[in-house]
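A.B. asks: sequence and predicted model, in that order:
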Amino acid sequence: MQEQELRGLIARVKGGAMSRRAFVRKMVALGLTAPMAGQMLSYCGVAMAQAKSDYKPTKAGGGGPLKMLFWQAPTLLNPHFAVGTKDQEASRIFYEPLAGWDGDGNLAPILAAEIPSLENDGLAPDGKSVTWKLKKDVKWHDGKPFTADDCVFNWEYASDPEAAATTSGTYNTVKVEKVDDYTVKVVFTKPTPYWADAFVGTRGMIIPKHLFDAYRGAKTRDAPTNLKPIGTGPYKFVDFKPGDLVKGEINTAYHVPNRPYFDTVEMKGGGDAVSAARAVLQTGEYDFAWNLQVEDEILLKMEAGGKGHISIVDGGNIEHIQVNFTDPWTEVDGEKSSIKTKHPTLSDKAVRQALNLLVDRGSVQKFIYGRTGVATANFLHNPERFRSKTTKWEFNVEAANKLLEDAGWKLGSDGVRAKDGKKLKFVYQTSINTPRQKTQAIVKQACQKAGIDIEVKAVTASVFFSSDVANPDTYPHFGCDIQMYTTTMTEPDPAEFMKQFASWEVASKDNKLQGRNIIRWRNEDYDKAYHAAEGELDPVKRAALFITMNELVINDQAVVPVVYRPTVTGVNSKLKAPLSGWDNNLWLLADWYREA
């Protein structure tokens, strides 16, 4: 679509000749997501649609306990140090952002009084700032008022390099100013097309200044409130056993009328995805089961029991195999997988190309994931506007053998290829989970036919996804040759999602492994494209830049995408839970209720 035609459509919406919904549908048909279409309208003076709520209870409380199963158990409750989705979800019980993304991609106010727009002077016409007005009736769980000072503090806290916060990428490129006690201004260094990042969604959860102010920088990990949160959310902290259980009770002073419905909330961790699914779908012992990475055939049988159903919500999550570009077996300055090393065999692009050909994505989808996982060649699979149309995946053992043979990797008497005294032997790790172990088996079998020896390793999920910097088996350490897990896309814009390949995000001992570039891959062209996208206001040009970034990653075989995974959860048949594929599952926990 040409710029002139696009501006004409926006003018029709502003003039009332075209509905906002019709415009969004037209943009979605062209490959743009609903959230991005909404932000285009916002920049052009059309107010953003308000998310609708189907909440029916007429009073707070009285709903009894809400019981949830998260088979990857949380290990901490500070959102600025959340490692993986399970820590983000647990934190979301107690902490809230200014706004969140609903399932339709609309931005919904939570701690904000309204969503910024050109109409309410929240958005600067030049794209260099956004001003948020805060609710004035919000109190922390200890009774202290929530104010603009808390927002400014969170910016200072997360952007401090010594804090090594996982949210640093969101806050270290902006400046936050207090306008008055209930107004804050986020200032960007250049025109920023995706302004709804700081204080929004997963990385937008806000912690109280009065409890964390004494624990800045290098002291952040010492704060007692890291494990005993005092937030603004619908539930107040009761108990936390890391790796096991989180308990909360109703916040009777919650800032939204008639909410929450449940008297208590329990997040039980550990176990596995199959037992979690069974506890909701078959026995009805629990109300909600998170991230059901279970063979679809098993889920279909469980659903037949009638106690619950599977919820499948579109998002951008990708189950993928990562290639280590550094040497996990050599220690440099007290660090393995150091950026000062390179992998002895995977540094050869021919080896990575062969590995890509040896992943049978079609079988993984057909025999394991079914409707819960779609084979893909792209790391950036959704939103569709950002999906490359030139990439493709292929399973071809013969082609893999030829690639390796031509590159000088010769078969030895033991059936393993070698060159210059180095053998193609890899340790392939992931978390303990039946679909993942079955995927490992499929890949191992194919690799064996190409002369690659694979040693599979399965790590307990609570360890693999742990935030423990001292544990060598966590995925940020990447203490092996290749590893596999799902990376989540928790907002409809790919900027934060694709930051995990930026050179400045390399995980290291120096940043306490909080850098998001786990594979330690560095590419100058990628960095240039990312920086260009940061300030590109033209949605067509910006999409092209992200497509280029995805293709750079895929064509260099930095990762091997396996399947795109929509958000799959188990929900009790009577539970009403508004879910979103662009935010945490618990993004609107205050609106959850149970029908009679």
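C.D. replies: All right, it came through fine. Values in this document were obtained by computation on a predicted structure and should not be read as measured data.

A.B. asks: for Asp121, which non-adjacent residue is spatially closest?
C.D. replies: Thr131 (6.9 Å; C-beta to C-beta, 6 or more residues apart in numbering). To be clear about C-beta, it is placed using only N, CA and C from the backbone, and glycine gets the same treatment.

A.B. asks: check whether the one you found sits in a helix, strand or coil.
C.D. replies: strand (DSSP: H, G, I helix; E, B strand; the rest coil).

A.B. asks: then Phe379?
C.D. replies: coil.

A.B. asks: number of nearby residues for the nearest residue to it once chain neighbours are set aside?
C.D. replies: Computed as C-beta to C-beta, 6+ apart, the closest residue to Phe379 that is not its neighbour in sequence is Pro561, at 5.2 Å. Residues lying near Pro561 (other C-beta atoms under 10 Å) number 24.

A.B. asks: and Phe240, that one's in a helix?
C.D. replies: No: Phe240: not assigned to a helix; according to three-state DSSP it is strand.

A.B. asks: list the contacts for it?
C.D. replies: By C-beta atoms under 8 Å, 6 or more residues apart in numbering, the contact list for Phe240 reads 77, 227-228, 246-247.

A.B. asks: quick one on the thing from earlier: for the residue nearest to Asp121, report the pLDDT, please.
C.D. replies: Looking at Thr131, its pLDDT reads 98.

A.B. asks: just give me the residue right at the centre of the chain.
C.D. replies: Thr488 (3.0 Å; C-alpha atoms, centre = their mean).

A.B. asks: circling back to that earlier point, which residues touch the residue nearest to Phe379?
C.D. replies: 318-320, 361, 376-379, 381, 393, 554.

A.B. asks: can I assume Arg594 is in contact with Gly284?
C.D. replies: No: the criterion here is C-beta atoms under 8 Å, and Arg594 misses it with Gly284 at 11.9 Å.

A.B. asks: pLDDT of the helix or strand hosting the residue nearest to Phe379, averaged?
C.D. replies: In this assignment (DSSP states H and E), Pro561 forms part of strand 559-572. Averaging pLDDT along strand 559-572 yields 95.

A.B. asks: list the strands paired with it, with their directions.
C.D. replies: In the sheet, strand 559-572 lines up against strand 288-289 (antiparallel), strand 308-323 (antiparallel), strand 374-375 (antiparallel) (DSSP bridges).

A.B. asks: and Pro344, which of these is closest to it?
C.D. replies: When these are compared for distance to Pro344 using C-beta to C-beta, the nearest one is strand 308-323, at 12.9 Å.

A.B. asks: summarise which helices and strands the very next helix or strand once past that closest one is packed against.
C.D. replies: Using DSSP H and E, the helix or strand that follows strand 308-323 towards the C-terminus is helix 349-357. Helix 349-357 is packed against strand 308-323, helix 397-406, with contacts defined by 3 or more C-beta pairs under 8 Å, 6 or more residues apart in numbering; DSSP states H and E.

A.B. asks: and the shortest one, what does it pack onto?
C.D. replies: Here helix 397-406 is seen to pack against helix 349-357, helix 434-449 when contacts are counted using 3+ C-beta pairs under 8 Å, 6+ apart.

A.B. asks: now, of those, which is deepest in the fold?
C.D. replies: Ranked by mean neighbour count, those are led by helix 349-357 with a mean of 22 (mean count of other C-beta atoms under 10 Å).

A.B. asks: give me the contact list for that one.
C.D. replies: Outside helix 349-357, the residues touching it (C-beta under 8 Å, 6+ apart) are 321, 323, 345-346, 393-397, 399-401, 403-404, 406-407, 409, 424, 447, 450, 452, 482, 556-558, 560.

A.B. asks: go again using 7 Å as the cut-off
C.D. replies: 323, 345-346, 394-396, 399-400, 403-404, 407, 424, 450, 557, 560 (C-beta atoms under 7 Å, 6 or more residues apart in numbering).

A.B. asks: farthest pair in the contacts of Phe240?
C.D. replies: So, the contacts of Phe240 by C-beta to C-beta: farthest apart are Leu227 and Lys247, at 12.7 Å.

A.B. asks: between these two, who's got more neighbours?
C.D. replies: Using other C-beta under 10 Å as the criterion, Leu227 and Lys247 rank with Lys247 on top: 17 against 14.

A.B. asks: ok so the more buried one is a strand residue?
C.D. replies: Yes: according to three-state DSSP, Lys247 belongs to a strand.

A.B. asks: pull the contacting residues for it.
C.D. replies: Lys247 neighbours (C-beta under 7 Å, 6+ apart): 238-239, 266.

A.B. asks: now swap in Thr490 and tell me
C.D. replies: Going by C-beta under 7 Å, 6+ apart, the list of residues near Thr490 reads 201-202, 582-584.

A.B. asks: can you lay out those as a markdown table showing secondary structure, distance to His309 and pLDDT?
C.D. replies: Compiled in a markdown table, those are given as follows (DSSP: H, G, I helix; E, B strand; the rest coil; distance: C-beta to C-beta, whole Å; pLDDT from 0 to 100):
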| residue | secondary structure | distance to His309 | pLDDT |
| --- | --- | --- | --- |
| Gly201 | helix | 26 | 94 |
| Thr202 | helix | 25 | 91 |
| Trp582 | coil | 21 | 84 |
| Asp583 | coil | 21 | 91 |
| Asn584 | coil | 20 | 92 |
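
A.B. asks: right, I'll leave it there.
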